[in-house]
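K.L.:
the sequence and its predicted three-dimensional model are supplied below.
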Amino acid sequence: MEFALTSDQKMLQDSLARTLGDASPLDRVRRFADDVADPAKDVWEALADFGLPGIVIPEEHGGLGLTLLDAALASEALGRAVAPVPFMGVVLAPLALLGGGTAAQQAEWLPKLAAGEVTAAVAISEAVAGAREDAGVTAKAGKLSGKALFVPGGISAGLIIVADTKGGLHLVRGDAAGLSRVLMLNIDETRRLAELTFDGVAAEPLAGGPELLVRLRDAGWVLIAADSLGACDVMLEQAVAYAKERRQFGRVIGSYQAVKHMCAEMAAEIEPARSLVWYAAYAFDAAHEEASLTAAHAKALTSEVGRFVARTSTEVHGGMGITDLLGLHFWFKRLGLNRQLLGGPERVREIAARIQGLAA
Amino acid sequence: MDLTPTPEMLAFRDEVREFLKAHAADFSAGQAKDVFAWQRLLIEHGYAARTIPKAYGGYGAEPDILKSRIIAEEFIAAGAPRGMAGQGISMLAPTLLEVGSEEQKTRWIGPTLRGEIIWCQGYSEPGAGSDLASLQTKAVEDGSDFLISGSKIWTSTAAQAQMMFCLVRTEPDAAKHEGISYVLIPMSTPGIEVRPLKTMTGSAEFNEVFFTDVRVAQDQVVGGRGRGWFVANTTLKHERGMLGDPNATEARLGALIELMKGEVVDGQRIIDNPVFRDRLMQLQGRAMAMKFNGLRLITAQLTQEPVGVAGLVVKLQGCELNHQIAALAIDALGELGILYHDGPHLRARGTWQRSYMFDLGLIIGGGTAQIQKNIISERGLGMPREPKPAVL
Ligand SMILES: Cc1cc2nc3c(=O)[nH]c(=O)nc-3n(C[C@H](O)[C@H](O)[C@H](O)COP(=O)(O)OP(=O)(O)OC[C@H]3O[C@@H](n4cnc5c(N)ncnc54)[C@H](O)[C@@H]3O)c2cc1C
């Protein structure tokens, strides 16, 4: 019995960090942010060589066959690197196919996804975070109609998993007639979201219904929480490094207690949150009865910790913190997106209360 | 990561459950009917003093952190008292085990474990709180004895205690941290005066202790003359772990949830008020994070890997969380929450107000929150250390 990462998992983290360091340093991220037409194909290819697209896909379909905990560690590395790649679909689409797809659907899609030839997106925001404006997709006689907002990676995905307003899940081909996509530029320029409009689009239903949707939601929460942890780690490290270097009044600012305590508070918030994210991922893999509750708390807590760290780290940097030049804002904004995507903390905590029968 | 319990652990859990079922009549509402008998029973079965050698009055099991955790969980689930705590059991006994002489171990540990001797901790002084090493209570050699003069303050349970473990300055000319010794003093020694200090809870949880030429044999020094600072530091780490114990937090959060389900205002249960519910969920998320952080620390202890910052934050975060749990309970009770004295409307014997105040004391005691942040930033994050005065 142990609650720690294995040496394989630590290796995965390290080697993915190296791959991202080469393929997606901050100036590469900047170029992506400055050019909405840049698909960051080079970054994706480097990650495909690494095997990342197949991280949770079983080996018989050409993937790495790893767990959600491994995927969460990868997500953390992507958050650290503010990597310009959509990751949610990489994990959630295979989970949907494995949990609700036919053997034929699995055989058709999983190998292509694992090889990184096709990318996938998952449109479940309305079902999880709630429907805004007139969004929502209805299914009738094998055709989907309506709108799905805030779909990570949805602008270019070749496969889209869509939740309808009743909690059913559907598989849509990227080239299906009647599907149109519009980019939703958002505060986080490292990740692109899409607005998808379905006008009688042909879709294949997936089995599993609302229970499968719950699994996708839980996995999504864990991945976002892990991405936030990675971003928080960087923001704390940068604050500490800057505080040890920057001098004012003849001393490094890191020798002032006001500054030290800001850093200590960030660390004190981050470390327990890390333990919770690990546990939530483990609980998901073990299909533990606590999986949904711990995933919800992991998402909500990292949202709060993320907001605190984003603000505090920026403050430690003084005026430099808010410049574009330093680039700290990429992590700040990444955390800003993570807080809202698939539900802000207030909504997620309300679901947490419902999960344990404390709310109607 | 694998938290599937082994058959041995499952069997052990059953054993603890059986014990608690068989002895359910010996306690109610978390209190033992006879605290001394209960303590002896716990030691006999290894549910208290578990890893302390038999020769010194313990149970003599190999250290097994997982079993300790199972014991903690099952006792919480059954609402069973964990046996005596106190500074003798949680701080003095481990210190003697680590650095005491054979004579000190055989003489003091057994009766301490059985609750026959109550100890108090004489560290803080009026002029030495966070800066403990500046303490001035002095011990002057007089033949084979020391004569001790000075005063201690904030000494918990000094009025009840038979013995004190105490830090005194034995080498006035040595450097600040090197002139201190750790001595064991009978509280009945002539020259000791204890004055209870009433705290904001209304009870005298701590005291002032005055020493006028108090005679103590030199062989009552633990760990060697002038080594007191290092001896004391071996116990401070036990104290900080105890103060942020996530098992205790979890038990309290459970009580808070029950309170919010049971209390009704204008016909609505408190738990059905979304603002209160959200505050509860925020605390639950934090309590869970501390619980799993505890699991991570246990694993690291087992594999002897460094835990870094995750270990340094326990006292700071755990004590703060306990305080906030009490604060929410009071808010949930609203006007009922301000009741404190016995009466028909009082809830939970006034526990929540008492915890709210006492927990603030624990945020301060055992190294204040600010001192914890100094430690986290300096030892955990490698930031510059506080400037130290050159001489003292
Ligand atoms: C409930 C309770 C029980 C206790 N029981 C015992 C006991 O049994 N035996 C015993 O010996 N002692 C006991 N204490 C004493 C306790 O250890 C001290 O209160 C504590 O170490 C703080 O010391 P102080 O009260 O002198 O506060 P101070 O050290 O004067 O601190 C006052 C304020 O200044 C801040 N401060 C001080 N130094 C620094 C610094 N370097 N950086 C930043 N901020 C700083 C503190 O954080 C605090 O906010 C107990 C205290 C409490 C509250």
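P.N.:
Structure's in. What do you need?
K.L.:
who's in contact with the residue of the stretch 51-200 of chain A found nearest chain B?
P.N.:
In the stretch 51-200 of chain A, the residue that lies nearest chain B is residue A:69 (6.2 Å; C-beta to the nearest C-beta). Using the backbone N, CA and C atoms, a C-beta is placed for each residue, glycine as well. For residue A:69, the contacting residues are A:9, A:278, A:281-282, A:284-285, B:1, by C-beta atoms under 8 Å, 6 or more residues apart in numbering or on different chains.
K.L.:
out of those residues, who has the most neighbours?
P.N.:
residue A:281 (29 neighbours; other C-beta atoms under 10 Å in any protein chain shown).
K.L.:
what's around residue A:14, how many residues?
P.N.:
Neighbours around residue A:14, by other C-beta under 10 Å: 11.
K.L.:
okay, and it sits in which element?
P.N.:
helix A:7-23 (DSSP states H and E).
K.L.:
who does that helix touch, helix- and strand-wise?
P.N.:
Helix A:7-23 sits against helix A:41-50, helix A:68-80, with contacts defined as 3 or more C-beta pairs under 8 Å, 6 or more residues apart in numbering or on different chains; DSSP states H and E.
K.L.:
these: which one's closest to the ligand?
P.N.:
For the ligand, the closest of the helices and strands packed on helix A:7-23 is helix A:68-80, at 31.8 Å, according to C-beta to the nearest ligand atom.
K.L.:
contacts for the helix or strand just after that closest one, please.
P.N.:
Going down the chain from helix A:68-80, the next helix or strand is helix A:88-100, by DSSP H and E. Helix A:88-100 has contacts (C-beta under 8 Å, 6+ apart) with A:52-53, A:55-58, A:63, A:68, A:71, A:75, A:105-106, A:109-110, A:113, A:119-122, A:124, A:152-153, A:157, A:159, A:161, A:169, A:171, A:206-209, A:212, A:215-216, A:219-220, A:223-224.
K.L.:
show the average pLDDT along the following helix or strand past helix A:88-100.
P.N.:
Counting by DSSP H and E, the next helix or strand C-terminal to helix A:88-100 is helix A:103-115. For helix A:103-115, mean pLDDT is 98.
K.L.:
cool, stretch B:133-144 as well?
P.N.:
Rounded mean pLDDT across stretch B:133-144 is 96.
K.L.:
can you count the residues close to residue 167?
P.N.:
Just going to use chain A. Here the number of neighbours of residue A:167 (other C-beta under 10 Å) works out to 15.
K.L.:
if you could check chain B rather than the one you did, that'd help
P.N.:
Residue B:167 is flanked by 25 other residues according to other C-beta under 10 Å.
K.L.:
ditto for residue B:327
P.N.:
Neighbours of residue B:327 under the rule other C-beta under 10 Å: 18.
K.L.:
same check, this time on residue A:211
P.N.:
What residue A:211 shows, counting by other C-beta under 10 Å, is a neighbour count of 11.
K.L.:
and the helix holding residue A:14, what's buried?
P.N.:
A:9, A:12-13, A:16, A:19-20, A:23 (16 or more other C-beta atoms under 10 Å in any protein chain shown).
K.L.:
what segments of the stretch 151-300 of chain B are helices?
P.N.:
Along the stretch 151-300 of chain B, counting by DSSP state H, counting those that start in this stretch, helices occupy B:228-243, B:246-262, B:274-303.
K.L.:
same thing with chain A?
P.N.:
Assigned by DSSP state H, chain A shows helices spanning A:7-23, A:26-34, A:41-50, A:68-80, A:88-100, A:103-115, A:125-129, A:209-245, A:257-285, A:291-316, A:329-340, A:345-355.
K.L.:
can you list contacts of the third one?
P.N.:
Contacts to helix A:41-50, defined as C-beta under 8 Å, 6+ apart, come from residues A:15-16, A:19-20, A:22-24, A:28, A:32, A:53, A:83-85, A:115-116, A:119.
K.L.:
swap the cut-off to 7 Å and go again
P.N.:
Contacts with helix A:41-50, where a contact means C-beta atoms under 7 Å, 6 or more residues apart in numbering or on different chains, come from A:16, A:19, A:23-24, A:28, A:53, A:83-85, A:115-116.
K.L.:
and the furthest pair within the residues you listed?
P.N.:
Across the contacts of helix A:41-50, the longest distance by C-beta to C-beta is 22.9 Å; it joins A:28 and A:115.
K.L.:
tell me which of these two has more neighbours.
P.N.:
Per other C-beta under 10 Å, whichever of residue A:28 and residue A:115 has more neighbours is residue A:28, with 19 against 16.
K.L.:
isn't residue B:66 up against residue B:9?
P.N.:
Yes. Using C-beta atoms under 7 Å as the test, residue B:66 is close enough to residue B:9 to be in contact (6.2 Å).
K.L.:
let me see the contact set for residue A:26.
P.N.:
Counting by C-beta under 7 Å, 6+ apart, residue A:26 has contacts residue A:327.
K.L.:
lowest-scoring secondary structure element of chain B by mean pLDDT?
P.N.:
Lowest by mean pLDDT, DSSP states H and E among the helices and strands of chain B is helix B:228-243, with a mean of 79.
K.L.:
give me the neighbour count for residue 88.
P.N.:
In the absence of a named chain, this looks at chain A. Residue A:88: 25 neighbours (other C-beta under 10 Å).
K.L.:
actually chain B
P.N.:
Residue B:88: 27 surrounding residues under other C-beta under 10 Å.
K.L.:
and for the one 10 residues further on?
P.N.:
Other residues near residue B:98 come to 13 when the count uses other C-beta under 10 Å.
K.L.:
what about it, which helix or strand?
P.N.:
If you go by DSSP H and E, residue B:98 is part of helix B:93-99.
K.L.:
name the residues of that helix that come out as buried.
P.N.:
Applying a neighbour-count criterion of 16+ other C-beta under 10 Å, the buried positions in helix B:93-99 are B:93-97, B:99.
K.L.:
distance between it and the chain's centre?
P.N.:
From the chain centre to the centre of helix B:93-99 is a distance of 16 Å (C-alpha atoms, centre = their mean, to the nearest Å).
K.L.:
ok, now stretch A:192-210?
P.N.:
Relative to the mean C-alpha coordinate of its chain, stretch A:192-210 is positioned 20 Å out (C-alpha atoms, centre = their mean).
K.L.:
stretch B:322-339 now?
P.N.:
The chain centroid and the centroid of stretch B:322-339 are separated by 23 Å under C-alpha atoms, centre = their mean.
K.L.:
please see if it touches the ligand.
P.N.:
No. Shown here: stretch B:322-339 not in contact with the ligand (C-beta under 6 Å from any ligand atom), separated by at least 12.4 Å.
K.L.:
dump that stretch to CSV, keeping only the CA atoms.
P.N.:
C-alpha atoms of stretch B:322-339 as CSV (Å, rounded to 0.1, in the frame of the first residue of the first chain):
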residue,chain,number,x,y,z
ASN,B,322,-9.7,23.6,12.3
HIS,B,323,-10.3,27.2,13.3
GLN,B,324,-12.4,27.8,10.2
ILE,B,325,-14.4,24.7,10.8
ALA,B,326,-15.3,26.0,14.2
ALA,B,327,-16.1,29.4,12.7
LEU,B,328,-18.5,27.9,10.2
ALA,B,329,-20.2,25.9,13.0
ILE,B,330,-20.8,29.1,15.0
ASP,B,331,-22.1,30.9,11.9
ALA,B,332,-24.4,28.1,11.0
LEU,B,333,-25.8,28.2,14.6
GLY,B,334,-26.2,32.0,14.2
GLU,B,335,-27.7,33.5,17.4
LEU,B,336,-27.7,30.0,19.0
GLY,B,337,-23.9,30.0,18.3
ILE,B,338,-23.3,32.7,20.9
LEU,B,339,-24.5,30.6,23.7
